[in-house]
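Engineer: With the input below, show me the fold.
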Amino acid sequence: MTTLQDIEKIDQIIFTQKREFKASERLRPGSLISVKQGKKFFSVLFLHTDSGTTKSDFDNRKKIWTKVFALHRAIKKSAPLLVLGDLNTMGWAEGKGKKAVVKVSEAQEIQQLKAAALKQSMTVLAKQHDQTFSDGSFVSDLDHLLATNTFKFKALGKRADAQPNAVRVVGWNDLKTAKDRAQYRSQYSDYSLLYAATK
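Structural biologist: Numbers count the residues shown, from 1 in each chain. The predicted model follows:
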């Protein structure tokens with residue numbers, strides 16, 4: 001992925017606000033950046049999908065993925081697509097608290113996203129750590145990076161399960177003690193940063 005130190009090598013950048021990726025009034029529209037670098041073109045779509053575990057929240061996220069894949073089909077030959085952001089893959093449950101009945105778990109929703117991406121010639125990249133969000137009591141795997149299969153990414157080390165990862169997770173995950181993690185969340189963010197680099 002192009003970094004800030006490479007900015008002088010970029011010939012053209014176009015920013016487009018994609019309102020069709022705004023699933024509800026409380027969410028920001030998607031942000032699409034189209035880049036020309038030499039003879040190469042690529043696009044980056046930043047998303048914040050609907051949060052929540054109700055059927056409506058879950059369905060809204062599914063609708064967004066339908067739109068993402070439609071965009072990918074339209075541009076992939078001329079401008080391969082990266083999609084990243086807080087995708088809120090938290091599953092679907094009926095009821096709340098201890099009485100909640102899980103219909104689709106967080107892990108199942110992520111697997112559904114991976115399977116749907118593969119059918120569209122895209123990949124959900126493996127991250128250094130699965131969990132990217134923590135408020136101190138709730139830890140979740142919400143943030144992801146998807147890419148057209150033609151992209152080639154640098155290996156950035158190995159996960160705890162010894163599998164290679166292409167996405168570095170930087171933030172509270174790097175800290176060992178609960179006190180240090182709490183201080184980081186208070187001072188900076190309860191989300192971790194995602195970093196990837198193309199070859």
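
Engineer: Is Leu45 in contact with Val35, as I believe?
Structural biologist: No - with contact defined as C-beta atoms under 8 Å, Leu45 does not count as touching Val35 (11.9 Å). For glycine as for every other residue, the C-beta is placed from the backbone atoms N, C-alpha and C.

Engineer: and these two? which has more neighbours close in?
Structural biologist: Neighbours around Leu45 and Val35, counted as other C-beta atoms under 10 Å, are more numerous at Leu45. The numbers are 23 against 18.

Engineer: show me what contacts Ser78?
Structural biologist: Ser78 sits next to Phe41 when contact means C-beta atoms under 8 Å, 6 or more residues apart in numbering.

Engineer: Got the phi and psi for it?
Structural biologist: Here is the backbone geometry of Ser78 (degrees, to the nearest 10): phi -100, psi -30.

Engineer: Any figure for the gap between it and Val104?
Structural biologist: In this view, Ser78 and Val104 are 35 Å apart by C-beta to C-beta, to the nearest Å.

Engineer: Same question for Val170.
Structural biologist: 29 Å.

Engineer: Pick out whichever of these two has more residues nearby.
Structural biologist: Val104 (17 against 12).

Engineer: Which residue is the nearest non-sequential neighbour of the more buried one?
Structural biologist: Trp92 (4.3 Å; C-beta to C-beta, 6 or more residues apart in numbering).

Engineer: neighbours around that neighbour, how many?
Structural biologist: Applying other C-beta under 10 Å, I find that Trp92 has 22 neighbouring residues.

Engineer: Show the residue spans covered by the strands in this structure.
Structural biologist: Ranges of strands in the chain, per DSSP state E, are 12-18, 30-37, 40-48, 81-86, 92-94, 101-104, 122-124, 133-134, 139-140, 143-148, 168-170, 193-195.

Engineer: what separates the fourth one from the chain centre, distance-wise?
Structural biologist: The chain centroid and the centroid of strand 81-86 are separated by 5 Å, computed with C-alpha atoms, centre = their mean, to the nearest Å.

Engineer: Run me through the strand neighbours of it, direction for each.
Structural biologist: strand 40-48 (parallel), strand 143-148 (antiparallel) (DSSP bridges).

Engineer: got the angle for it vs strand 30-37?
Structural biologist: Here the directions of strand 81-86 and strand 30-37 differ by 140 degrees (axes from the mean of the first three to the mean of the last three C-alpha atoms, to 10 degrees).

Engineer: so what's Leu84 closest to, chain neighbours aside?
Structural biologist: Per C-beta to C-beta, 6+ apart, closest to Leu84 is Leu145, 4.3 Å.

Engineer: likewise His48?
Structural biologist: Asp86 (5.0 Å).

Engineer: where in the protein is pLDDT low?
Structural biologist: 1-12, 14-15, 17-28 (pLDDT under 70).

Engineer: Could you report the neighbour count for Ser43?
Structural biologist: 21.

Engineer: partner residues bridging it?
Structural biologist: In beta-bridge terms (that is, DSSP bridges), Ser43 pairs with Ser34, Leu81.
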